[in-house]
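S.K.: using only what follows, build the 3D model:
(4 chains)
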There are 2 protein chains.
Amino acid sequence: MPIHPTSDPHELPSGTLELLILRSVADEPRHGYGISHHIKQRSLGALLVEEGSLYPALHRLVRLGQLRANWGTSENNRKARFYSLTNVGRRRLKLGTARWKAVSSAVTEALAATAAPKRIGGVA
Amino acid sequence: MPIHPTSDPHELPSGTLELLILRSVADEPRHGYGISHHIKQRSLGALLVEEGSLYPALHRLVRLGQLRANWGTSENNRKARFYSLTNVGRRRLKLGTARWKAVSSAVTEALAATAAPKRIGGVA
DNA sequence: CACCACCCCTTGCAACGCAAGGGGTGCTGC
DNA sequence: GCAGCACCCCTTGCGTTGCAAGGGGTGGTG
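M.R.: Numbers count the residues shown, from 1 in each chain, chains lettered A, B, ... in the order given. Just a heads-up that it's a prediction; the model follows:
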């Protein structure tokens, strides 16, 4: 059961998936299934990571050297691929997070209704 | 070309362009060129709208009935296509803005570093 | 022994934004 | 008088990203 009744819980801005993944793995190594759940509960159900985008992203990040993958055994005694951050990944997470904050706040700002609309008729 | 943290001012999250456009036109009718500049200065130069995405988006919004287009004359005595909000557009802007706020804050939240990482190891 | 939760993955497909192009017009300056 | 720039319109690729929809395998539980 979704925690918040905000219509559909999915849909996340393009480009944020990788950041969310990196962030999730920053705490401790996790496997795909776990990452998905972790992000979901961390966002209180607001964000939903589909497997169809998760795994490709995971492989992409490994290829980019931002993530490291190791086979291991899950808590439930299953074979699972555990992902962990590399230095490159840690750096990317840091820069990416800063960038996200800047851009998202700029958008929110630009989207906010203006109390006192200035005369911006011209481009000049 | 990797991500440059502070240098490039462009790059905006997928899906926000239309909202930004609708918002820009909400004040008063504007033409494409003006919308582009308006968004740029409204975001203090943080957001950059390329013409290659602007015009397709504009046409898309008209097709969706969220924008109305009228030929007119600009302040500089040029022919220009002025866009204005329809009721559908106004509604979309409202809902879209609310949605953006919810999603973006959820992402920001999920991206924030945890001071005291709780034991969330399990999916169970 | 069926079924579910756990776990991995791939193949289309569609949307979005960008780069790179192209065209035309009113001023301004030389 | 005409070069050049700011103003304004548009389109065709292309790459990236995420989703839907599929498929497979295993351990525990009723």
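
S.K.: ok, what's across the strand from the residue nearest to A:Ala26 when sequence neighbours are not counted?
M.R.: Counting by C-beta to C-beta, 6 or more residues apart in numbering or on different chains, A:Ala26 lies nearest to A:Leu85, which is 5.7 Å off, once chain neighbours are set aside. Just so you know, the C-beta spots here come from the backbone N, C-alpha and C atoms, and that holds for glycine as well. Counting by DSSP bridges, A:Leu85 is bridged to A:Leu67.

S.K.: so how far is the helix or strand containing A:Val107 from its chain's centroid?
M.R.: Element membership for A:Val107 (DSSP states H and E) is helix A:87-111. Distance of helix A:87-111 from the chain centroid (C-alpha atoms, centre = their mean, to the nearest Å) equals 11 Å.

S.K.: are it and chain B in contact anywhere?
M.R.: Yes. Residues of helix A:87-111 are located near chain B by C-beta under 8 Å from any C-beta of the partner chain, namely A:92, A:95-104, A:106-111.

S.K.: do stretch A:80-87 and DNA strand D meet?
M.R.: No. Judged by C-beta under 7 Å from any atom of the strand, stretch A:80-87 makes no contact with DNA strand D; its nearest approach is 9.4 Å.

S.K.: contacts for that stretch?
M.R.: Where contact means C-beta atoms under 8 Å, 6 or more residues apart in numbering or on different chains, the residues beyond stretch A:80-87 that reach it are A:21-22, A:25-26, A:28-35, A:58, A:61-62, A:65-74, A:93.

S.K.: for DNA strand D, what's its nearest residue on chain A.
M.R.: With C-beta to the nearest atom of the strand as the measure, A:Gly52 is the residue of chain A nearest to DNA strand D, at 2.6 Å.

S.K.: quick one: that residue and DNA strand C, what's the gap?
M.R.: Using C-beta to the nearest atom of the strand, to the nearest Å, A:Gly52 is found at 4 Å from DNA strand C.

S.K.: tell me, how many residues neighbour that residue?
M.R.: 8 (other C-beta atoms under 10 Å in any protein chain shown).

S.K.: show me what the helix or strand in which A:Tyr55 is found is in contact with.
M.R.: In the assignment (DSSP H and E), A:Tyr55 maps to helix A:51-63. Under the criterion C-beta under 8 Å, 6+ apart, residues A:Leu17, A:Glu18, A:Ile21, A:Leu22, A:Gly32, A:Ile35, A:Ser36, A:Leu67, A:Arg68, A:Ala69, A:Tyr83, A:Gly89 lie in contact with helix A:51-63.

S.K.: same check, this time on stretch A:64-77
M.R.: Under C-beta under 8 Å, 6+ apart, the answer for stretch A:64-77 is A:18, A:21-22, A:25, A:29, A:31, A:34, A:58, A:61-62, A:79-86, A:88-89, A:92, B:121-122, B:124.

S.K.: please identify the helix or strand for the residue nearest in space to the middle of chain A.
M.R.: Nearest to the geometric centre of chain A sits A:Leu20, at 2.0 Å (C-alpha atoms, centre = their mean). Applying DSSP H and E as the criterion places A:Leu20 in helix A:16-27.

S.K.: say whether DNA strand D is contacted by stretch A:20-33.
M.R.: No. If you take C-beta under 7 Å from any atom of the strand as the test, stretch A:20-33 misses DNA strand D, and the best it gets is 8.3 Å.

S.K.: same check on stretch A:34-44?
M.R.: No. Contact of stretch A:34-44 with DNA strand D (C-beta under 7 Å from any atom of the strand) is absent, the minimum separation being 10.1 Å.

S.K.: how about the residues of chain A by DNA strand D?
M.R.: A:10-12, A:14-18, A:48-53, A:56-57, A:60, A:77-78, A:123-124.

S.K.: go through stretch A:51-58 and flag the buried ones.
M.R.: Buried residues in stretch A:51-58, counted by 16 or more other C-beta atoms under 10 Å in any protein chain shown: A:Leu54, A:Ala57, A:Leu58.
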